[in-house]
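**Student:** predicted coordinates and the sequence they were generated for:
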Amino acid sequence: LPLLISPSFPHAMADCKRPWEIPDLSTVPTSSLVEEIQRRLRCKREPERRIVLIGPPGAGKGTQAPSLAKEYCICRVAMGDLLRNAIVSSSPIAKKARDAMDAGELVGDDVVIDLLKEKLQEPQCRRGFVLDGFPRTVNQARKLDDMLGQSSKTLDNAIELQVSKRTIIERVSGRLIHRKSGRAYHPKFHPPVVAGKDDITGEHLIHRTDDNPDLLRKRYETYGTFTGGVLKYYENQGKLGKINGDQPVKSVFSDLLKYIRGSDVCKKS
């Protein structure tokens, strides 16, 4: 039978949500489209990969994690972003998270684990993940191993970004964040293409209220107190790598790729 369409059909459709609608790619440069197709084809050949990035606030985790996620076709999970997004619900758990963050302290394991379990079930995390800001305690590291073990998976790499306190304070005091994605910028170290705007979406960047020198010093000390055990935990497993995070962004990323590729070779030998 022929499909009958009333004169008002286009207008009616304009008011409907059409998740199947193909986006307009006419303004996207051909070179960018080809690059993305090549990346997706390469993704098919990439093995599953599960990575943890460890480092104090301002070490560069928020800058390097998205790049690693794109390189290895995995999802980036920023625990800080998950916690901040959960806060808007005003639930009792969200209040506990808010109180801890406002005081510059770490959030309790139960809150963190509940959010992480939910996130890792999403389709984009199926091939693996890079965790930014988790685990922060040995208990969390063990829980992560237990969770992965339930599906016969293991963590591949735990990588510490080593950065001096002076560098961290300088970096974070001027840090700008894209709220939805967690992408991080800095006017000096990693400036956006357009000042104050996210490179991908063009949306406004924000300066987090907890990115101030006094809270940073407290967070740095809290990080050292809790994370030393995590580093030892992964070192005992033979999974810990250390990268000089004081370098320029591109140099840090290059060293990360070299380390991960080197660990792949070691596993095969």
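**Tutor:** All right, it came through fine. Computed from a predicted structure; not experimentally measured.
**Student:** and the strands in the chain, which stretches?
**Tutor:** 49-54, 75-78, 128-132, 157-162, 176-177, 184-185, 240-244 (DSSP state E).
**Student:** which stretches in the stretch 1-150 of the chain count as helices?
**Tutor:** 9-14, 30-45, 61-72, 79-87, 92-102, 109-119, 138-149 (DSSP state H, counting those that start in this stretch).
**Student:** okay, the longest one in CSV with CA atoms only?
**Tutor:** Going back to what we said before, that points to helix 30-45. Taking C-alpha atoms only, helix 30-45 is exported to CSV below (Å, rounded to 0.1, in the frame of the first residue of the first chain):
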residue,chain,number,x,y,z
THR,A,30,36.5,15.3,4.4
SER,A,31,39.9,14.8,6.0
SER,A,32,38.2,14.6,9.5
LEU,A,33,35.6,12.1,8.2
VAL,A,34,38.3,9.9,6.7
GLU,A,35,40.4,10.1,9.9
GLU,A,36,37.4,9.1,12.0
ILE,A,37,36.6,6.1,9.7
GLN,A,38,40.2,5.0,9.9
ARG,A,39,40.1,5.3,13.7
ARG,A,40,37.0,3.1,13.9
LEU,A,41,38.5,0.5,11.6
ARG,A,42,41.6,0.5,13.8
CYS,A,43,39.3,0.1,16.9
LYS,A,44,38.1,-3.2,15.5
ARG,A,45,41.7,-4.5,15.7
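**Student:** hmm, back to that, switch the strands of the chain over to JSON lines; also include mean neighbour count, distance to Glu105 and mean pLDDT.
**Tutor:** Where C-beta positions appear, they are placed from N, C-alpha and C, glycine not excepted. Output for the strands of the chain, formatted as JSON lines (neighbours: other Cβ atoms under 10 Å; distance: least, Cβ to Cβ, whole Å; pLDDT from 0 to 100):
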{"stretch": "strand 49-54", "mean neighbour count": "24", "distance to Glu105": "18", "mean pLDDT": "96"}
{"stretch": "strand 75-78", "mean neighbour count": "23", "distance to Glu105": "18", "mean pLDDT": "92"}
{"stretch": "strand 128-132", "mean neighbour count": "25", "distance to Glu105": "18", "mean pLDDT": "95"}
{"stretch": "strand 157-162", "mean neighbour count": "21", "distance to Glu105": "21", "mean pLDDT": "96"}
{"stretch": "strand 176-177", "mean neighbour count": "21", "distance to Glu105": "20", "mean pLDDT": "88"}
{"stretch": "strand 184-185", "mean neighbour count": "24", "distance to Glu105": "21", "mean pLDDT": "86"}
{"stretch": "strand 240-244", "mean neighbour count": "18", "distance to Glu105": "25", "mean pLDDT": "96"}
